[in-house]
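[1] Any chance you can model this:
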Amino acid sequence: METALKDKKPGNLPDVKKVLDYYGLEDLILKYEAFEGVSVKSYPLISGKRIYHLSYGEGGNRLVSVCGLHGNERSSAQFWYKSLNELIEKGMPKDTRYSVVAPANPDGLKYNNRHNSHGMDLNRDWYELSQAETKAIKSVIDEQDCRTIVFDHHECMDDPLYFLEDPGSVRMSRIRDSFFKELYKELEKHSLPIGDFFYPYTNRHTGEAARSGQLINYTAPKKMFSLIVENMGQCMGEELLDKRMQAHASVDLAGLRTLSRLKTRKRSL
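    Down below sits the predicted model:
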């Protein structure tokens, strides 16, 4: 499914000015097949809709960005084009790979619903793995040829948490601290104040803060550095859509820059 686009120009990169429905997002995803180095795979559902996996870069350190597990958190399903565009234009951080899973809940996105077509909240299915969507995302996360961190992107109205994570080790806490330094620089570059888009980081780990069955409950035991990203976008309206998506994209860009500084090649962090 890969196609090389020779002599590509920045103007060829897609742009988004509105909230996309499922079919608009699918059309956006398929446009990236034309760019050299971008691979696009899909996982069909019984409903006929598909989960897509876009991959860019060939490094041994990989960020998996899960976009839109809740179908009514719409900018979290389409922001990734901003981070991918910047990486295509300016280059990948050394020895990194960017994997995007979008939309993670295609049926929920189509009907603007938190749940999938079976009435399941996919972010409560990571112990049972009973749904086709969570199984597909798991297969992306579990790829064996690289070391992986996972960011799970959401939107909220008034969630008191900024990020949730389970440090697991002193080393993972150091990775977390390095990541936040990168994130604050990235947000400042785009004039995105923390208080407008994210609450200040709270040092509460998964066991205290996350409900059973969330994606982070799957990744943390595998010693993958993993974060639940809560952007306060749901209370902002479509007029701030571009800034909301840039805030999400800044998280992934900061994660890739943090990965590029890691020296060890072990799959677990």
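
[2] Just list whatever residues bridge to the most centrally placed residue in the chain.
    Residue closest to the mean C-alpha point of the chain, counted by C-alpha atoms, centre = their mean, is S65 at 2.5 Å. Listed beta-bridge partners, S65: V100, F151 (assigned using DSSP bridges).

[3] Wait, it touches V100, no?
    Yes: if you go by C-beta atoms under 8 Å, S65 and V100 touch, sitting 5.1 Å apart. No exception for glycine: its C-beta is placed from N, CA and C like everyone else's.

[4] what is in contact with the two at once?
    Shared contacts of S65 and V100 (C-beta atoms under 8 Å, 6 or more residues apart in numbering): W80.

[5] What values do phi and psi take at A104?
    Backbone torsions of A104, given as degrees, to the nearest 10, read phi -70, psi -20.

[6] per-residue pLDDT, it?
    A104 is assigned a predicted lDDT (pLDDT) of 98.

[7] contacting residues for it?
    By C-beta under 8 Å, 6+ apart, the contact set of A104 is I51, V66, C67, G68, L69, A77, L122, E133, I137.

[8] Give me the sheet partners of the helix or strand hosting the first one and which way each runs.
    For I51, the host element (DSSP states H and E) is strand 50-56. Each strand paired with strand 50-56, and its direction, by DSSP bridges: strand 38-44 (antiparallel), strand 96-102 (antiparallel).

[9] Give me the buried positions along the first one.
    This points to strand 38-44. The neighbour-count check on strand 38-44 (16 or more other C-beta atoms under 10 Å) flags V38, V40, Y43 as buried.

[10] Could you give the separation of stretch 92-110 from the chain centroid?
    The gap between where stretch 92-110 is centred and where its chain is centred comes out at 5 Å by C-alpha atoms, centre = their mean, to the nearest Å.

[11] Same question for stretch 190-202.
    The answer for stretch 190-202 is 17 Å, by C-alpha atoms, centre = their mean.

[12] How about stretch 48-59?
    Computed by C-alpha atoms, centre = their mean, the separation of stretch 48-59 from the middle of its chain amounts to 11 Å.

[13] How about the secondary structure of S178?
    The three-state label given to S178 by DSSP: H, G, I helix; E, B strand; the rest coil is helix.

[14] residue ranges for the helices of the stretch 151-269 of the chain, please.
    Applying DSSP state H, counting those that start in this stretch to the stretch 151-269 of the chain gives helices spanning 170-189, 194-197, 206-209, 215-219, 241-260.

[15] What's the mean pLDDT across the fourth one?
    For helix 215-219, the per-residue pLDDT values average out at 87.

[16] Now it - C-alpha only, PDB.
    C-alpha atoms of helix 215-219 as PDB (Å, rounded to 0.1, in the frame of the first residue of the first chain):
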ATOM      1  CA  LEU A 215      -5.300   1.000  28.100                       C
ATOM      2  CA  ILE A 216      -2.500   2.000  30.500                       C
ATOM      3  CA  ASN A 217      -3.500  -1.100  32.600                       C
ATOM      4  CA  TYR A 218      -2.300  -3.200  29.700                       C
ATOM      5  CA  THR A 219       0.900  -1.400  28.900                       C
END
